[in-house]
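S.K.: Task: produce atomic coordinates for the following.
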Amino acid sequence: MIMDAVPPIEELIPHRGTMLLLDKVMEFEEKRALGECVPARNAWYSDESGNMPAWIGIELMAQTVAAHVALLKRMKGLPPKMGILLGTRKYHSEAGSFIAGVNLKIRVVQLFMDSGGMGAYECSIASGETIRATALLKVFEPESVELFLQGYIS
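M.R.: As a prediction, this is how the structure comes out:
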């Protein structure tokens, strides 16, 4: 997909306000996407040094996965749907935080997505050429998030 054709992030994922951490999608292909985030110094998540704690990297990865799935749906003429982050295995970060104001590139690669909406993505966060964090995310896109959650809440 041509970069100019990638819509603003607000058209792809439902996060708003301070919960929208991903700035944009830089690249998109059928099995992968590259997102971008510049951590803000005075954000709600800022640590005592003004940086983004590394554990928020899981959410950066999840938002990039959500954008990838939304772009796949858009290519088929379908609207984006709510999805669920089921979990992660082996989240590893090289540092305790991501430096405020320093551009982060979040790469997600779809390993599989079955017809029932269950999928897995290999993810990484890089600053410059250095990979700062990696994880394997498991995701699920039910037909209806509301009905899915009712099964667990009631």
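S.K.: Phi and psi next, for the closest residue to A54 other than its chain neighbours.
M.R.: Nearest residue to A54, sequence neighbours excluded (C-beta to C-beta, 6 or more residues apart in numbering): S93, at 3.8 Å. Every C-beta, even on glycine, is put in place using the N, C-alpha and C of the backbone. The phi and psi values for S93, taken as degrees, to the nearest 10, are phi -120, psi 140.
S.K.: residue ranges of the helices in the chain, please?
M.R.: Counting by DSSP state H, the chain has helices at residues 57-75, 145-153.
S.K.: Could you say which of these is packed most deeply?
M.R.: Among the helices of the chain, helix 57-75 has the highest mean neighbour count (mean count of other C-beta atoms under 10 Å), at a mean of 22.
S.K.: Just the mean pLDDT for that one, thanks.
M.R.: Mean pLDDT, helix 57-75: 96.
S.K.: helices or strands up against it?
M.R.: For helix 57-75, the contact count by 3 or more C-beta pairs under 8 Å, 6 or more residues apart in numbering; DSSP states H and E identifies strand 24-29, strand 32-37, strand 84-93, strand 104-113, strand 118-127, strand 130-140 as packing neighbours.
S.K.: Neighbours of L104, how many?
M.R.: Per other C-beta atoms under 10 Å, the neighbour tally for L104 reads 23.
S.K.: And for the one 5 residues further on?
M.R.: Residues near V109, counting by other C-beta under 10 Å, number 16.
S.K.: What are the neighbouring residues in contact with E143?
M.R.: Neighbouring residues of E143 by C-beta atoms under 8 Å, 6 or more residues apart in numbering: G117.
S.K.: what angle do the helix or strand of the chain with the lowest mean pLDDT and strand 84-93 make?
M.R.: Least confident helix or strand of the chain, by mean pLDDT, DSSP states H and E, is helix 145-153 with a mean of 73. On the basis of axes from the mean of the first three to the mean of the last three C-alpha atoms, to 10 degrees, helix 145-153 is oriented at 80 degrees to strand 84-93.
S.K.: which outside residues touch helix 145-153?
M.R.: K81, M82, G83, I84, P142.
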